[in-house]
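Enquirer: Next input, structure requested:
(chains A and B)
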Amino acid sequence: ADDSPHSITVVGGKSGKQSRPRKAEKDEEEQPLQAVLVADSFNRRFFPISKDQPRALLPLANVSMIDYTLEFLTSTGVQETFVFCCWMSSKIKEHLQKSKWCRPTSPNVVHVITSDLYRSLGDVLRDVDAKALVRSDFLLVYGDVVSNIDVSQALQEHKQRRKMEKNVSVMTMIFKESPPGHKTRCEDDDIIVAMDGKSKRILHYQRAQALKKLHFPMNIFHSGSDEFEIRFDLLDCHISICSPQVAELFTDNFDYQTKNDFVRGLLVNEEILGNQIHMHVTKDGYGARVSNLLMYDTVSSDTIRRWIYPITPEANFADQEGQSCTHSRHNVYREPGVSLGHGSQMEENVLIGRNTVIGANCTISNTVIGANCVIGDNVTLDRAYIWNRVHIANDVKVKQSVICDNVEVKHGVVLNEQCVLAYNVVVGPDITLQEGTVLSMHHPDEEDDEDEDEFLSDDDVGYSKDKTKQKGSLFNPAEVGSEGKGYRWKSSSLDDTEEDELAECIWGLALNPDPESDSESEVSEGSHDLGSHPASPELDDVKVFQNEVHGTLQRGLDENISCDNLVLEINSLKYAYNISLKEVMQILIRVVLEFPFQQQGAQISTAQYSSHLLPLLKKWAPVFKNYVKRPQDQMDCLASMEEVFLERETHWAALVKVLMSVYQLEILEEEGIMRWFKQSSTTGKSQQLRRNQGLLKFIQWLEEAEESSEGDE
Amino acid sequence: EIHEPEEVSVWFREGSSCCQETLARNQRFTETPVNMPGADKETDLSERIESFLSELKRCGSGAGSLRGSAETARETTALLRRITAQARWGNAGELMEIIRKEGRRMTAAQPSETTVGNMIRRVLKIIREEYARSRGSSEETDQQESLHKLLTSGGSSEDNFRQHFTHLKANVIEAINELLTELEGTTDNISMQALEHIHSNEVIMTIGRSRTVEAFLKDAARKRKFHVIVAECAPFCQGHEMATSLCKEDIETTVIPDAAIFAVMSRVNKVIIGTQTVLANGGLRAVNGTHTLALAAKHHSTPLIVCAPMFKLSPQFPNEEDTFHKFVSPHEVLPFTEGEILSKVNAHCPVFDYVPPELITLFISNIGGNAPSYIYRLMSELYHPEDHEL
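Expert: Numbers count the residues shown, from 1 in each chain, chains lettered A, B, ... in the order given. Down below sits the predicted model:
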């Protein structure tokens, strides 16, 4: 009775390649859904763990992360997946070959594409374009995304949009609603999105990482929509539906490295290129990217607490042999062959891998333990993530820590919060590791020679063993205990700021307090163009900038640098310290006017002062002219002159001379000076300044000159 | 810096099966599908099994399955028929082995969907019967083997299934077809009995949404007027759907929150519920909240009638705790958007309740009404004792 529908499923389900010519004639929507899975993070956040195992293969609730991603893709209807790997690609390949995804019956055909030359997401997508792998809209995910979102609705919306307005919307990003403070949000991944409420179009996208202030370009308010939302309650699932144009755009813009670059670039150039990005907010699905160990902790606990149903530990979705676990109350999962000693308690949210032996009187809660582990007596584990073949002796306490494969924890060791014991480390006995300790068999200084071998993963194990032998005696007992093996890993302060703007902290808690984060400076640049800068940057920057300008001018004087070059230098300083144009001018005036004091000391007389200053003004006139252009600039310029002179009452006489020379140098025009003079001044002191004899004369002279010039005409 | 030429390796699924498959498929596109090569048949079959498995795994993000269990039962049986027709086997023993093997995978894919296992047991029973008939002996059809025989037989009686019969395949398929026909008619058979149980102006209570109960009530509504009270069955509130559906048939319907079940029970004449599984002891594994309802009914001595087709009868006992329960995402209980509170509380969202047999008055199945104490007897009629463990 039901033969016919089945055969259709089979043809559509698996024959991506073979049936292509037939399908091309039909509607585009009948193309099988494709996905690009980037099995590389292109950063070093999981170092030293990911030195031995690529991130995508790290176990999360005893299943490799990439399996979660592939399961998500398959269940959402993807029929062809391209897995791109770079770091330790052979391991990923090997894993996939063994997995159920490469069985001939898999509904999702997986192709693995490896290259050592991928350095960013941009490289991968350029390769997608070069190889012309995608035929239609595709899903773009990382190999560490855990999700159960059904994207079909978002996909339909995406296709609808592309049909309505031909190829305008190139990407739909998927977000999950989760308010600030939600445990599944990690601070470094916070984003702020401005969107059109009706069309769900993204108008502004910004990572909120460590930002104290935010700036929105004005034009997003002019987008012509009457509904407009600025949202901070979104979690980026790192799942996007892309059209083939996305790959092309990456090719066209070879400087795009990350998705962030792409999104921001596209939004900035929206007017020119006419491409748009939309978003889809899912309410009931779960989606998160394991971007650091804190996220690893939360996503693991969410998995155990069944938020990602039907992807749960006992579902054995990866279809591995002998991994069927049972689920009992309080979310306790046990794989076969687990033995639990007398008096041991698995309190709640616990997953224990097969053939693991647990001793007596242990207390275990919120913990994942891998396969073939041996855990002694009187052990307390809370939020511990213990991988495979780990030996833990008696009387050990572990709090919120990650313990990788083959680690040995000896008697009486205490691991405080956020410790990491990477592969093959031995710790103890009787040592307490401080919060945030990271131990690894890799010496932190070996960074460089390791890098050269980074793709020879096959030899890796032997290699590191050799080294252990060589340096066996060099382990610091204060760090790893008297019988311990391992080095303390210092999170590297490498120069990879250009590679990834993420803070390099493995737990992702300590945010990089870098004041010059990309996003901030970019935004302020944008607001310069609009000519208004409502809030001035912190005082420090201004001070530093002022010193720098002074230094530049001093050098210009000493080395006789041309004014054009000075302008160039000041401009670059302006960008470096994020100073607005108006402030640049104010500071420049101040620096120049105070120049004689700096050189000759503050005690110089008015006559000396003006005799020093006037040649300088003349010399730097082109610099001023560069910054003082509009009438408003003149007013600002005069106001800052006034400010400087108000501070130095004794030198008021020099003001006239300065004004005179500035007027003669055609930096300021008489209109501007007149307007400034007539301005109703606010303070008594500035009124006093205006009543200065010399100044009055100068103004009078100006007025007469004006009249006479009018008379001439 | 010297860059080696970019070494990119693209590889596809290995193995000859892929090539064969490609070949086979190309042939299929050009030729008529009558002459399917053997290899294609095999992969086609395993593909179907795979897709059925993944469907089973994914079904039921909410309460119970998205499809009714009747549909699952039909699909399972149709798949088993296909296995019988397409897999390579020489005698009944081999066929049973294949079905057992696939059956284990299917039941493991979604342990809460007992219907799948039940249908596998039914088919195994059919094979046993057909084999016995082919041999011309009535031995296997003998329901109750004597205690003496059980003791002396020792080990499995599998050796008996090694004989080859040419017509066995056709016969088994024929019998499975009969089973399919029986499955088609179950809901009708149950709803036909509605008028015997629902009388005019009665107040009936039910919980959640059961397709069987829905059909049962609607059938009764054609002749009689009565009032239905539906417990909404939070957090999934299938009761709301049920009420909407009943209203369309002009049945007077009231929706109550689950908490009001006990209070309203005094007015109720009969409780009619559906179930996910009927267990071997006559108990139920039914939607969450049913136990409350059953206890309230017992307190008020209100009869509790369970509408359950025969394919829901499972040889499972309630003490097999491991696979008994099913917890889904706690999203419905405490939305993910709640924020900080989530890290401080444990939210659980169980789907099923166990209802002990002493709270049940009557089972209405497609073959008539039975008391819970009679379930064991039906069980032995439907399944062979050796098939209880797949």
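Enquirer: What separates the first and last residues of stretch A:229-243, distance-wise?
Expert: This stretch, stretch A:229-243, spans 25 Å end to end (CA to CA, to the nearest Å).
Enquirer: quick one: strands adjacent to whichever strand or helix holds A:V141?
Expert: Here A:V141, judged by DSSP states H and E, is contained in strand A:138-142. Partners of strand A:138-142 in the sheet, by DSSP bridges, are strand A:33-38 (parallel), strand A:234-242 (antiparallel).
Enquirer: Quick one: mean pLDDT over the shortest one.
Expert: Averaged across strand A:33-38, pLDDT comes to 92.
Enquirer: ok, now the longest one?
Expert: Looking at strand A:234-242 alone, the average pLDDT works out to 90.
Enquirer: Skip ahead from it and say which helix or strand is next.
Expert: From strand A:234-242, the next helix or strand downstream (DSSP H and E) is helix A:244-252.
Enquirer: Next, the buried residues of that next one.
Expert: A:P244, A:Q245, A:V246, A:A247, A:L249, A:F250, A:T251 (16 or more other CB atoms under 10 Å in any protein chain shown). Where you see a C-beta, it was placed from the backbone N, CA and C, and this is true even at glycine.
Enquirer: angle of that helix against strand A:33-38?
Expert: Angle of helix A:244-252 versus strand A:33-38, following axes from the mean of the first three to the mean of the last three CA atoms, to 10 degrees, is 30 degrees.
Enquirer: Tell me the first helix or strand C-terminal of helix A:244-252.
Expert: helix A:259-268.
Enquirer: List the buried residues in that next one.
Expert: A:K259, A:N260, A:D261, A:F262, A:V263, A:R264, A:G265, A:L266, A:L267.
Enquirer: picking that back up, possible to save the buried residues of helix A:244-252 as a markdown table with distance to chain B?
Expert: Shown next, in a markdown table, are the buried residues of helix A:244-252 (distance: CB to the nearest CB, whole Å):
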| residue | distance to chain B |
| --- | --- |
| A:P244 | 19 |
| A:Q245 | 23 |
| A:V246 | 20 |
| A:A247 | 16 |
| A:L249 | 22 |
| A:F250 | 17 |
| A:T251 | 15 |
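Enquirer: circling back to that earlier point, out of the strands paired with strand A:138-142, which gets nearest to A:I277?
Expert: Relative to A:I277, the nearest member of these by CB to CB is strand A:234-242, separated by 8.8 Å.
Enquirer: one step back: near chain B, list only the ones from the buried residues of helix A:259-268.
Expert: Counting by CB under 8 Å from any CB of the partner chain, nothing from the buried residues of helix A:259-268 sits close to chain B.
Enquirer: tell me which of these is nearest to A:P336?
Expert: A:K259 (41.4 Å).
Enquirer: In contact with A:A639, which residues?
Expert: A:Q586, A:W676 (CB atoms under 8 Å, 6 or more residues apart in numbering or on different chains).
Enquirer: so it is in which element?
Expert: helix A:631-647.
Enquirer: buried residues in that helix?
Expert: A:D633, A:Q634, A:M635, A:D636, A:C637, A:L638, A:S640, A:M641, A:E642, A:V644, A:F645.
Enquirer: for stretch B:361-375, same thing?
Expert: B:T361, B:L362, B:F363, B:I364, B:S365, B:N366, B:N370, B:P372, B:I375.
Enquirer: That one spans what distance, first to last residue?
Expert: 12 Å.
Enquirer: Quick one: mean pLDDT for that stretch?
Expert: For stretch B:361-375, the per-residue pLDDT averages 92.
Enquirer: what sits up against that stretch?
Expert: With contacts defined as CB under 8 Å, 6+ apart, stretch B:361-375 is touched by B:182, B:185-187, B:189-190, B:193, B:197, B:216, B:278, B:280-283, B:303-310, B:313, B:357-358, B:360, B:378.
Enquirer: and if you look at stretch A:173-183?
Expert: A:149, A:151, A:154, A:184-185, A:190, A:193, A:202, A:232-237, A:239-241, A:263, A:277-283, A:285-288, A:298, B:336-337, B:339-340, B:342-343.
Enquirer: Might you quantify the distance of that stretch from its chain's geometric centre?
Expert: Centroid separation between stretch A:173-183 and its chain, computed with CA atoms, centre = their mean, to the nearest Å, is 16 Å.
Enquirer: Equivalent analysis for stretch A:407-421, please.
Expert: Distance, centroid of stretch A:407-421 to centroid of chain: 31 Å (CA atoms, centre = their mean).
Enquirer: Alpha carbons only: can I get it in PDB?
Expert: The C-alpha trace of stretch A:407-421 is given here as PDB (Å, rounded to 0.1, in the frame of the first residue of the first chain):
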ATOM      1  CA  VAL A 407      45.400  11.800  33.100                       C
ATOM      2  CA  GLU A 408      46.400  10.500  36.400                       C
ATOM      3  CA  VAL A 409      45.300  12.400  39.500                       C
ATOM      4  CA  LYS A 410      47.100  11.000  42.600                       C
ATOM      5  CA  HIS A 411      46.000  10.800  46.200                       C
ATOM      6  CA  GLY A 412      44.700  13.900  48.000                       C
ATOM      7  CA  VAL A 413      44.700  16.300  45.100                       C
ATOM      8  CA  VAL A 414      42.300  19.200  45.100                       C
ATOM      9  CA  LEU A 415      41.400  20.900  41.900                       C
ATOM     10  CA  ASN A 416      39.800  24.200  42.400                       C
ATOM     11  CA  GLU A 417      37.500  25.900  39.900                       C
ATOM     12  CA  GLN A 418      38.400  26.100  36.300                       C
ATOM     13  CA  CYS A 419      41.500  23.900  36.300                       C
ATOM     14  CA  VAL A 420      42.400  22.000  33.100                       C
ATOM     15  CA  LEU A 421      44.500  18.900  33.100                       C
END
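Enquirer: Is chain B within reach of it?
Expert: No. Using CB under 8 Å from any CB, stretch A:407-421 stays clear of chain B, coming no nearer than 14.7 Å.
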